[in-house]
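K.L.:
What would the 3D arrangement of this be:
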Amino acid sequence: MKNILYIATILLLNLIGCCGCDSDTKNTPTPDTPAEGGYLFAHMKDSDYGGIYYYISRDAKQWTVLNDDKTIEPRYSGHPDIIKGADGRYRMIGVTRTLPKSLILWVSTDLVTWQTDETIPDAAIMDTPGYHPDGWYSTPKLFYDADSGKYLITWHASRNEVAEGSDQWWSEMRTFYMTTSDFKTYSKPARLFDFKSEEFRDAATIDAIIRKIGGSYYAVFKDEHSNDIAPTGKTVLISKSAALTGPYSEPISVVTPKTEAGKTDNWHEAPTIVEQPDGKGWYIFAERYPTEYVRFEAPDIESATWRQYVIGIPNARHGVMVRITDEQYAAITAKYGF
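P.N.:
Model prediction:
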């Protein structure tokens with residue numbers, strides 16, 4: 001009789017505990033293997049700020065650290081953001097490890113080994129009257145637009161008269177861009193966003209990445225305002241445009257959860273976006289700094305609601321995810337092991 005009562009009690013507790021559960025936020029990931037290849041996650045770590053490290057996954061849910069959690073390229077320093085160009089080569093921007101820092105373009109044919117290529121002139125990215133980037137040149141991001149044949153470089157900068165590192169410094173951040181087709185000549189920098197509404201007119205935008213999905217361009221970025229000042233402070237947002245350089249709409253989605261004023265436990269930044277393995281939706285990963293990356297998913301890039309997946313990718317800061325083929329998966333794991 002006692003055994004029957006015990007079993008009945010356990011079943012009842014399980015039933016109660018599952019009330020309201022969301023299958024998208026369970027702790028145990030369900031593998032979802034793509035048709036081929038997988039995903040590469042290049043990132044830095046809090047313990048080696050600016051270094052580059054690799055995770056790899058078949059389904060973007062279960063991740064394996066590579067190279068025994070050691071840097072895959074000791075010479076690299078920066079916030080990696082990898083894109084594939086018209087020539088099939090991969091590119092990312094870094095900065096020199098020695099002072100004075102300068103910008104360097106890194107190139108790879110296979111994502112296994114990286115070599116330095118062109119030096120990006122400091123004068124080009126500093127040509128923003130009234131604003132200047134930080135010592136890391138404000139983490140430049142890359143996007144290649146096949147339609148125009150141009151590379152878009154985005155970065156953020158704050159006002160000259162504001163003390164670097166202060167709360168006001170971060171609240172005055174704005175996103176700039178320039179374009180190039182050859183990494184030799186560059187367009188004059190310009191502001192990427194020009195929001196008009198009272199809610200977003202003064203948004204402090206950083207970590208902006210651009211991706212083309214369907215016939216539209218989407219900007220995924222962080223509002224760096226303090227959450228004491230702006231409701232969307234420390235969240236990741238999405239804007240949309242019909243053209244590469246805008247105008248970009250007022251934010252159409254708030255991806256990451258808003259945080260109560262005065263609290264810091266749910267701040268997110270440095271987003272990266274990949275298509276789900278089955279092609280039926282999108283994943284946005286964002287750094288819940290400074291400890292881990294967490295996944296948000298939605299069936300459509302313009303979804304009003306993004307569901308958070310509670311298991312994160314540990315020991316990872318600013319990074320980018322790249323979809324890879326079976327051949328690339330095999331080559332990367334052969335070089336860097338599991």
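
K.L.:
Surely Arg295 is in contact with Tyr283?
P.N.:
Yes - here Arg295 reaches Tyr283: they are 5.5 Å apart, a contact under Cβ atoms under 8 Å. Where C-beta positions appear, they are placed from N, C-alpha and C, glycine not excepted.

K.L.:
Overlap in contacts, these two.
P.N.:
Ala60 (Cβ atoms under 8 Å, 6 or more residues apart in numbering).

K.L.:
got any ranges where the stretch 1-150 of the chain has weak pLDDT?
P.N.:
1-35, 99-100 (pLDDT under 70).

K.L.:
if you set the cut-off to 90 instead, what comes out?
P.N.:
For the stretch 1-150 of the chain, residues meeting the criterion pLDDT under 90 lie at 1-36, 95-103, 117-127, 132-139.

K.L.:
now the strands for it?
P.N.:
38-45, 48-57, 64-65, 83-84, 90-95, 103-108, 115-120, 131-132, 141-145, 150-159 (DSSP state E, counting those that start in this stretch).

K.L.:
can you list the residues that contact the second one?
P.N.:
What it means is strand 48-57. 38-45, 63-67, 69-74, 76-80, 95, 97, 136, 313, 316-317, 329, 332-333, 336.

K.L.:
Compare the strands of the stretch 1-150 of the chain and give me the one nearest Thr179.
P.N.:
strand 150-159 (4.5 Å; Cβ to Cβ).

K.L.:
other SSEs contacting that closest one?
P.N.:
Packing partners of strand 150-159 (3 or more Cβ pairs under 8 Å, 6 or more residues apart in numbering; DSSP states H and E): strand 131-132, strand 141-145, helix 167-171, strand 174-180, strand 205-213.

K.L.:
so Glu118 touches Lys184, yeah?
P.N.:
Yes - at 7.1 Å, Glu118 and Lys184 qualify as touching, with contact defined as Cβ under 8 Å.

K.L.:
From Ala230, how far out is Trp170?
P.N.:
12 Å (Cβ to Cβ, to the nearest Å).

K.L.:
Can you pull the residues that touch both of those two?
P.N.:
Counting by Cβ under 8 Å, 6+ apart, nothing touches both Trp170 and Ala230.

K.L.:
returning to that earlier point: nearest to Tyr90, out of the helices and strands packed on strand 150-159?
P.N.:
Across these, closest to Tyr90 is strand 141-145 (Cβ to Cβ), at 9.8 Å.

K.L.:
And the helices in this structure?
P.N.:
In the chain, the segments counted as helices under DSSP state H are 2-18, 122-126, 167-171, 326-336.

K.L.:
and Trp306, what is it in contact with?
P.N.:
Trp306 sits in contact with Ser253, Val255, Thr256, Ile284, Phe296, Glu297, Ala298, where contact means Cβ under 8 Å, 6+ apart.

K.L.:
All set, thanks.
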